[in-house]
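Q: can't give you the sequence, but here's the structure:
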């Protein structure tokens, strides 16, 4: 029997406004973002622990799961790529980091760990460090019945060409140990940042070019636009017609994002390719108004036939 189609949302730990936006008639999994690694292979104390407990309690009451996400692009405006590389540059550090994030997840009652290392790469040793780290997490988490997932780069640039060093770092030794990967099919580098065509190219890369099982892939959906600041709430305040568009002019600049129609078509795209589901970055950027909500558009996409 095919597993249910997943809707995974990242929930940023520094804001309470995401809690009332959690709709478990749509959301199947929450990734609480973020636990922060340090260069010596440790994990900083979890920010906003009260919110974490509240999210876990609400999700579990609805029969849903919550993972603790480790990493992210940056912390205090400093990119974490070098931090991850240093935090995993010896077997001792790998064991320490994996042990600390596992202990934190268990102590709070999370259902698993999501790794958002942006990005391990081929050619500098970090691919092998990433694989060893995923392997150690797998060893610790799986006997406890916990999930292990990861966020990965979209895999291609705006022209559809592979981004080799970062994309190829996600390979079979790690992929086979993960329950699924969340494909960050946004931030393409092009003006439109996350077009429908870009999303389809990302799917084709991971499924066709790389041969990864589609049921273990979730297509990333942005609830923000570029250039920043472009969160959907801000765009909606600037233009009440934003739900029906993919571009709003803000402070004299064109900000490109995904309106409700494009998001619905992307969900249908994921279904057509047999993907495991979709992933949202990030829930607090949505509105509580269901007539304009992007999360509501995701739900509608479950029922809408795909079209290019």
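A: Thanks, I have the structure now. Quick caveat: nothing in here was measured; it's all calculated off a predicted structure.
Q: Give the buried residues for the helix or strand containing residue 84.
A: Here residue 84, judged by DSSP states H and E, is contained in helix 81-87. Under the neighbour-count criterion of 16 or more other Cβ atoms under 10 Å, helix 81-87 has 81, 83, 84, 85, 86, 87 buried. The way it works is simple: take the backbone N, C-alpha and C, and place the C-beta from them, glycine included.
Q: From residue 46, how far out is the first one?
A: Relative to residue 46, residue 81 is positioned 21 Å away (criterion: Cβ to Cβ, to the nearest Å).
Q: my guess is residue 19 contacts residue 54, does it?
A: Yes - between residue 19 and residue 54 there is a contact at 6.2 Å, judged by Cβ atoms under 8 Å.
Q: show me the contacts for the closest residue to residue 281 other than its chain neighbours.
A: Excluding its sequence neighbours, the residue lying closest to residue 281 (Cβ to Cβ, 6 or more residues apart in numbering) is residue 10, at 5.0 Å. Residue 10 is in contact with 30, 31, 33, 69, 279, 280, 281, 282, 283, counting by Cβ atoms under 8 Å, 6 or more residues apart in numbering.
Q: May I have the phi/psi pair for the fifth one?
A: Think residue 279. phi -130, psi 140 (degrees, to the nearest 10).
Q: Where does the residue lying closest to it once chain neighbours are set aside fall, secondary structure wise?
A: Once flanking residues are discounted, residue 279 sits nearest to residue 182: 4.0 Å by Cβ to Cβ, 6+ apart. Element membership for residue 182, per DSSP H and E: strand 180-184.
Q: re earlier: now do the same for the residue nearest to residue 281: helix, strand or coil?
A: The three-state assignment at residue 10 reads strand, by DSSP: H, G, I helix; E, B strand; the rest coil.
Q: Against residue 230, how distant is it?
A: 16 Å.
Q: Show the residue spans covered by the helices in this structure.
A: Applying DSSP state H to the chain gives helices spanning 49-61, 81-87, 91-108, 126-141, 164-167, 172-175, 196-204, 232-238, 260-272, 294-301.
Q: Quick check: which of those helices is nearest to residue 15?
A: Closest to residue 15 of the helices of the chain, according to Cβ to Cβ: helix 49-61, at 8.4 Å.
Q: Please compute how far that closest one lies from its chain's middle.
A: Centre-to-centre, helix 49-61 and its host chain are 19 Å apart (Cα atoms, centre = their mean, to the nearest Å).
Q: And stretch 224-244, by the same measure?
A: Using Cα atoms, centre = their mean, the offset of stretch 224-244 from its chain centre is 20 Å.
Q: how about it: buried residues?
A: Quick answer for stretch 224-244 (16+ other Cβ under 10 Å): 224-226, 230-236, 239, 242-243.
Q: Stretch 68-75 too?
A: 68, 69, 70, 71, 72.
Q: OK, contacts around the first one?
A: Counting by Cβ under 8 Å, 6+ apart, residue 68 touches 31-32, 35, 46, 52, 101, 104-105, 108, 110, 112-114.
Q: any chance of the residues you listed in a markdown table, plus distance to residue 275?
A: Shown next, in a markdown table, are the contacts of residue 68 (distance: Cβ to Cβ, whole Å):
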| residue | distance to residue 275 |
| --- | --- |
| 31 | 17 |
| 32 | 23 |
| 35 | 27 |
| 46 | 30 |
| 52 | 28 |
| 101 | 27 |
| 104 | 30 |
| 105 | 26 |
| 108 | 29 |
| 110 | 24 |
| 112 | 19 |
| 113 | 22 |
| 114 | 17 |
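Q: got a winner among those residues for most neighbours?
A: residue 114 (32 neighbours; other Cβ atoms under 10 Å).
Q: That residue reaches residue 146, doesn't it?
A: No - counting by Cβ under 8 Å, residue 114 does not reach residue 146; the two are 11.0 Å apart.
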